[in-house]
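**Student:** what follows is a predicted structure for the sequence shown.
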Amino acid sequence: MKAIGIDQAFISTLVETFYGRVLAHVELGPVFDARLSGRWPEHMEKMKSFWSAVAFRNGAYGGKPVQAHHGVSNLTAELFPKWLELFAATLDDIAPSREAKDWFMATAERIARSLTLSLFYNPAMDDPALKQA
Ligand code: HEM
């Protein structure tokens with residue numbers, strides 16, 4: 001991680017910059033702010049711990065991301081690609097190296113996919129009986 005420029009200081013900068021842009025985003029901003037109004041500082045600390053735990057495997061984060069997204073009003077599957085696009089644009093502007101951007105994107109895409117499946121996937125949609133109908 002160090003070799004590609006990912007350290008605690010960069011994670012802090014990334015979280016601050018990214019969620020600043022999330023708040024300014026016409027679609028993402030209101031969805032986050034409706035849930036986090038008055039709790040933004042705690043959210044930022046949590047996200048810094050989350051990314052350190054993933055990057056450095058240091059156990060800094062012990063939360064439950066899937067549960068945390070349950071009941072977020074107006075959260076739709078279509079917002080995830082927009083979140084990823086904004087994350088990619090932020091990394092294009094501030095990532096310390098190409099490898100660092102690639103690592104954050106691969107990780108975020110994996111987690112976004114798993115969150116999307118847990119939150120929105122309905123096994124009944126794959127029911128062969130329904131497909132024949
Ligand atoms: C459109 C996409 C997304 C939206 C609208 C969204 C929204 C939110 C909101 C509102 C919270 C705060 C929940 C609360 O404290 O009440 C939250 C927490 C969190 N989000 Fe997301 N999120 C999105 C995508 C992602 C992705 C892609 C990741 C991972 C790369 C992620 C990781 C987390 C984590 C780790 C937390 C903290 C969970 C905890 O409380 O322990 N989110 N998100």
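**Tutor:** The structure has been received and is ready for your questions. Numbering: from 1, shown residues only.
**Student:** does the lengthiest helix in the chain reach the ligand?
**Tutor:** For the chain, the longest helix by residue count, based on DSSP state H, is helix 98-120. Yes: using C-beta under 6 Å from any ligand atom, helix 98-120 reaches the ligand at 108, 111-112, 115. All C-beta spots, glycine's among them, are computed from the backbone N, C-alpha and C.
**Student:** tell me the residues of this protein that contact the ligand?
**Tutor:** The interface of the chain toward the ligand, taken as C-beta under 6 Å from any ligand atom, is made up of 31-32, 35-36, 43, 46, 50, 63, 65, 68-69, 72, 75, 79-80, 83, 108, 111-112, 115.
**Student:** mind doing that once more with 5 Å?
**Tutor:** Listed as neighbours of the ligand in the chain under the rule C-beta under 5 Å from any ligand atom: 31-32, 35, 46, 50, 63, 65, 68, 72, 75, 79-80, 83, 108, 111-112.
**Student:** now the two most distant members of those residues.
**Tutor:** Of all pairs drawn from the residues of the chain next to the ligand, the greatest distance, 20.3 Å, lies between 63 and 79 (C-beta to C-beta).
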